[in-house]
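[1] Give the three-dimensional model of this entry:
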Amino acid sequence: MIGTAQPDGQALAIKGLSLEFPTFSGSIKALDNVSIEVGKAEIVGVVGESGCGKSVTTMAATGLLPKGRYNITGGSVSLFGRATLTMDDKELQNMRGKVVSTIFQEPMNALNPTIRIGKQLTDIIMRHEGTNLEDAKQRAHDILADMLIGEPERIMRAYPFELSGGMRQRVLTAMAFSCNPGLIIADEPTTALDVTVQAVILRLIQNRARRTGTSVIFISHNVAVVSQLCDRIYVMYAGRIVEHGATRAVLDAPQHPYTQALLRCLPERLAPKQELEAIPGAVPNLMHPPAGCYFQPRCGEAVERCRTHSPQLAGSDAQQVACWQRGDGVLILDKGHGNA
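    All right, here's what the predicted structure looks like:
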């Protein structure tokens, strides 16, 4: 079955994916040998600054990037055992919603402002489940109630602009789960929400995924958010995976200087009146990336080898890091910042 994981337990397998965006000035090397795996009923986080390639990775995997605007230069993507990079538009459309669904960052852009919520939900359910209108309405009602939305009937009659941002995000979450997909891609779904609403949305996604056995890949720039939700995390920088492993292993003992820097930027880790740190510099221009390790221009640990040779991921199954300075079994931990 398409909607359930294969015997190897993998819902999503991205292996060595490299992607470029051609421009008149040259090619932007957006992804460089990216490998991400999501197991059955597993919640996996991808974290990094804006512009690191997080969303591009999942959009390429599900065929959401505009045709003819990018080039795959290497790697493969398998979704429940099916290669997606070679699918045509019809195959991809049949897959989206039923096999894999996406919760987007901006609900006002993802929802059609001229169509009532109920119709948007029932259209998706009828298309992928083949149910009649009455059954689709009942299912839409039930999934809205499951998202802790009071008065589902009223919400189904409403237009998106009549709802608050948090309520619209709940509706998007309901849509994503409405056809019981095997994989949910949550692309920074809580970024535009206040902290209280953010916590509610995270719990809804987590509880529903655990209850239904749905796999989730959660994209965020916020390490604190990922730490609450995910079983494993991938740290991404400038189109490369620089560290990955079990969430607690990575956050309790971060090995890559970039992971450590992200953790030092968390306000909740600071003492009262302590100055908040920021990572110096910016993500490099991927049309002309730096030689060696892409993070070395911003890294206080960089040595000559970092500036000339690109490190590859190494380590145990529990935690891997791409850094010349880590050494065998030696962690680059900044004193006073060893724990998340």
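[2] residue boundaries of the helices in this protein?
    Listed in chain order, the helices of the chain (DSSP state H) span 54-61, 89-95, 107-110, 117-129, 133-146, 152-157, 165-177, 195-212, 223-229, 247-252, 257-264, 304-308.
[3] closest to G75 out of these?
    Comparison of the helices of the chain against G75 by CB to CB identifies helix 54-61 as nearest, at 9.4 Å. No exception for glycine: its C-beta is placed from N, CA and C like everyone else's.
[4] now what about the closest one, what contacts it?
    For helix 54-61, the surrounding residues in contact (CB atoms under 8 Å, 6 or more residues apart in numbering) are 12, 14, 17, 19, 30-31, 34, 36, 46-48, 64-65, 70, 72, 77, 79, 84-85, 102, 185, 187-188, 217, 219, 236, 239.
[5] right, so of the helices of the chain, which gets closest to A278?
    helix 257-264 (8.9 Å).
[6] tell me the mean pLDDT for the closest one?
    Averaging pLDDT along helix 257-264 gives 94.
[7] same thing with stretch 155-162?
    Averaged across stretch 155-162, pLDDT comes to 96.
[8] got the end-to-end distance for it?
    The stretch stretch 155-162 measures 9 Å between its terminal residues, going by CA to CA, to the nearest Å.
[9] Same question for stretch 267-284.
    With CA to CA applied, stretch 267-284 spans 25 Å between its terminal residues.
[10] Next: stretch 155-166.
    So stretch 155-166: terminal residues 13 Å apart, CA to CA.
[11] for stretch 233-241, same thing?
    First residue to last in stretch 233-241 (CA to CA) measures 10 Å.
[12] follow-up on the earlier one: how about the helices of the chain in a markdown table, adding mean neighbour count and distance to R326?
    Formatted as a markdown table, these follow (neighbours: other CB atoms under 10 Å; distance: least, CB to CB, whole Å):
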| stretch | mean neighbour count | distance to R326 |
| --- | --- | --- |
| helix 54-61 | 22 | 23 |
| helix 89-95 | 13 | 39 |
| helix 107-110 | 17 | 40 |
| helix 117-129 | 20 | 46 |
| helix 133-146 | 18 | 44 |
| helix 152-157 | 17 | 50 |
| helix 165-177 | 23 | 37 |
| helix 195-212 | 16 | 31 |
| helix 223-229 | 20 | 19 |
| helix 247-252 | 18 | 13 |
| helix 257-264 | 23 | 9 |
| helix 304-308 | 14 | 11 |
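[13] Among the ones you listed, show the one with the smallest mean pLDDT.
    helix 107-110 (a mean of 80).
[14] which secondary structure elements does that helix contact?
    For helix 107-110, the packing partners by 3 or more CB pairs under 8 Å, 6 or more residues apart in numbering; DSSP states H and E come out as helix 165-177.
[15] Next, the angle from the helix it packs on to helix 133-146.
    Angle, helix 165-177 to helix 133-146, by axes from the mean of the first three to the mean of the last three CA atoms, to 10 degrees: 130 degrees.
[16] Return the list of helices and strands in contact with helix 165-177.
    When contacts are defined as 3+ CB pairs under 8 Å, 6+ apart, helix 165-177 sits against strand 100-103, helix 107-110, helix 117-129, helix 133-146, strand 183-187, helix 195-212.
[17] Rebuild the ones you listed as a markdown table, extending it with distance to G300.
    Formatted as a markdown table, the helices and strands packed on helix 165-177 follow (distance: least, CB to CB, whole Å):
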| stretch | distance to G300 |
| --- | --- |
| strand 100-103 | 37 |
| helix 107-110 | 39 |
| helix 117-129 | 49 |
| helix 133-146 | 48 |
| strand 183-187 | 32 |
| helix 195-212 | 31 |
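[18] one step back: out of the contacts of helix 54-61, list just those in strands.
    Secondary structure from DSSP state E places 12, 14, 17, 19, 30-31, 34, 36, 46-47, 72, 77, 79, 102, 185, 187, 217, 219, 236 of those in strands.
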